[in-house]
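Asker: from the sequence below, what's the structure:
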Amino acid sequence: QLGESGGGLVQAGGSLKLSCAASRRTLSALSMSWFRQAPGKEREFVAAINWDGGITYYADSVKGRFTISRDNAKNTVYLQMRGLKPEDTAVYCCAAGSLGVSSKDYDDWGQGNQVTVSS
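Answerer: Purely as a prediction, here's the structure:
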């Protein structure tokens, strides 16, 4: 029900904006998040936002570079990524659920979108 878009290949220092939209579920009452998983590594929290955008959380590794936002009228959540680094290379997934930084806080997940940052 959740689908991500906007990933791709970018050079270090570049920017990408990911989108997460729901086809059959209204997201406006839910907290949303982004997680990522690099090859050979565990899935890690990236950012989260509450239902109205008034509360956001970020992993220390992306703070100041990534911005999570949402447009409830469009039923879409975004992750603006700037100053990308090779270590940001991963599959990025959006998730819907309760506000938190653990994957256990979320019960609906997208399939993921590849982001590759070249050095």
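Asker: rest of the way, CA atoms for contacts and neighbours
Answerer: OK.
Asker: what sits closest to the spatially most central residue of the chain if chain neighbours are left out?
Answerer: By Cα atoms, centre = their mean, the chain has its centre lying nearest to Trp34, at 2.7 Å. Distances taken as Cα to Cα, 6 or more residues apart in numbering put Cys94 closest to Trp34, at 4.5 Å, once the chain neighbours are dropped.
Asker: that neighbour: what's it in contact with?
Answerer: Shown in contact with Cys94 (Cα atoms under 8 Å, 6 or more residues apart in numbering): Leu2, Gly3, Glu4, Cys20, Met32, Ser33, Trp34, Phe35, Trp109, Gly110, Gly112.
Asker: wait, which of those residues is closest to Ser61?
Answerer: Here the nearest of the contacts of Cys94 to Ser61, counting by Cα to Cα, is Phe35; it sits at 12.4 Å.
Asker: okay, now the closest one: neighbour count?
Answerer: Close neighbours of Phe35, defined as other Cα atoms under 10 Å, add up to 22.
Asker: tell me the strands beside the helix or strand harbouring it, with direction?
Answerer: Assigned by DSSP states H and E, Phe35 belongs to strand 31-37. Applying DSSP bridges, strand 31-37 is found paired with strand 44-49 (antiparallel), strand 90-97 (antiparallel).
Asker: what does the helix or strand following the shortest one contact?
Answerer: For strand 44-49, the following helix or strand on the C-terminal side (DSSP H and E) is strand 56-58. When contacts are taken as Cα under 8 Å, 6+ apart, the neighbours of strand 56-58 outside the stretch itself are Phe45, Val46, Ala47, Ala48, Ile49, Asn50, Ile68, Val101.
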